[in-house]
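# Got a predicted model here, sequence first, then my questions.
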Amino acid sequence: MGAIGVNLDDVSKIAGLLKPIKIWASKSAVKRIFLVTCFGFVLLAIHFLYLNSLLDKEKIEGDILTSQIPLIIDESDYKSTLESIEICKASIATNNTNRDWYCEHAKTLYKKFEDRLTKHRVDEVVRRSAFEAMSFDITYLLRDLDFRKMELQAPRTEQAVLSKVLSTEGVVLQLTLTLLAFAIFLAWIYKQPTNPNKTK
């Protein structure tokens, strides 16, 4: 009863605050039309501000998604390099006739990331043909990339809400609720009989 009682009290307070407006509007048809028009503008303004808020948040999420594109490209490069290193190691294990070609290609790809590791480290690993160390380094870069992607990830709730709001069902629901609110407001305004001593 507590929660319901609070809600009823709130409704009573709101009704008390609006009563003078209702009495004022009941004095002439012009005032009623003016009040109904103002109410319509308020409904439209609320709807516009809500949609604008969703669009602003969607733009922010779009910017976040754009900033993830370089990370996706890096991930592809890392995985390609790791695959090349694995092919090299497999070719050495099987004494493949193309092992030197595979391994040189793996070294070339690995050396592209000396700015993300250290030049001394990369030069030493390549000089020693330490392909296990190459695998370790690229795996490290992939883990670091995962953390960076997690930092940029944002929930796509606004996109989901916006798509529902702008869908056919969403538009129909919004129109229905708007018309219902408008009808209730009209009934509330015109329920008050015209004041016999009305003033223009």
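Nice, thanks for sending it over.
# Nearest residue to I92 in space, please, no chain neighbours.
Nearest non-adjacent residue to I92, counting by Cβ to Cβ, 6 or more residues apart in numbering: R99, 5.3 Å away. Backbone N, C-alpha and C define where each C-beta goes, glycine included.
# how many other residues sit next to that neighbour?
17 (other Cβ atoms under 10 Å).
# right, and it touches A93 too?
No: if you go by Cβ atoms under 8 Å, R99 and A93 don't touch, sitting 9.1 Å apart.
# roughly how far apart are L141 and Y78?
Here the criterion is Cβ to Cβ, to the nearest Å. By it, L141 lies 5 Å from Y78.
# These two: who's more crowded?
In terms of neighbours (other Cβ under 10 Å), Y78 is the more surrounded of L141 and Y78; the figures are 21 against 18.
# any common contacting residues for L141 and Y78?
F113 (Cβ atoms under 8 Å, 6 or more residues apart in numbering).
# Which pLDDT value belongs to the residue nearest to I92?
Here, the pLDDT recorded for R99 equals 93.
# Against L175, how distant is L49?
18 Å.
# ok, now F113?
From F113 to L175 the distance is 56 Å (Cβ to Cβ).
# now K112
Distance from K112 to L175, by Cβ to Cβ: 57 Å.
# same question, L43
11 Å.
# When those two are compared, which one has more neighbours?
Neighbour count, other Cβ under 10 Å: between L43 and L175, L43 has more, with 16 against 10.
# State the number of residues packed around D137.
Counted with other Cβ under 10 Å, D137 comes out at 23.
# for R148, that is, sorry about that
Per other Cβ under 10 Å, the neighbour tally for R148 reads 14.
# Can you check the pLDDT for it?
R148 carries a pLDDT value of 81.
# Going forward, the N-terminal residue is numbered 32.
Sure, I'll start counting at 32 from here, so that last one is R179.
# For it, which non-adjacent residue is closest in space?
L102 (6.0 Å).
# what secondary structure does the one you found sit in?
At L102, secondary structure determined by DSSP: H, G, I helix; E, B strand; the rest coil is helix.
# Surely it is in contact with D177?
No: counting by Cβ under 8 Å, L102 sits too far from D177 to count as a contact (9.4 Å).
# Those two: who's more crowded?
Legend: neighbour count by other Cβ under 10 Å for L102 and D177, higher for L102 (14 against 11).
# any idea how far F144 is from that one?
In terms of Cβ to Cβ, L102 sits 14 Å off from F144.
# can you check F178 too?
Taking Cβ to Cβ, one finds F178 at 17 Å from F144.
# The two: which has the busier surroundings?
Just comparing F178 and F144: by other Cβ under 10 Å the higher neighbour count belongs to F144, 17 against 8.
# roughly how far apart are the more buried one and T128?
28 Å.
# now do D146
Taken as Cβ to Cβ, the span from D146 to T128 is 34 Å.
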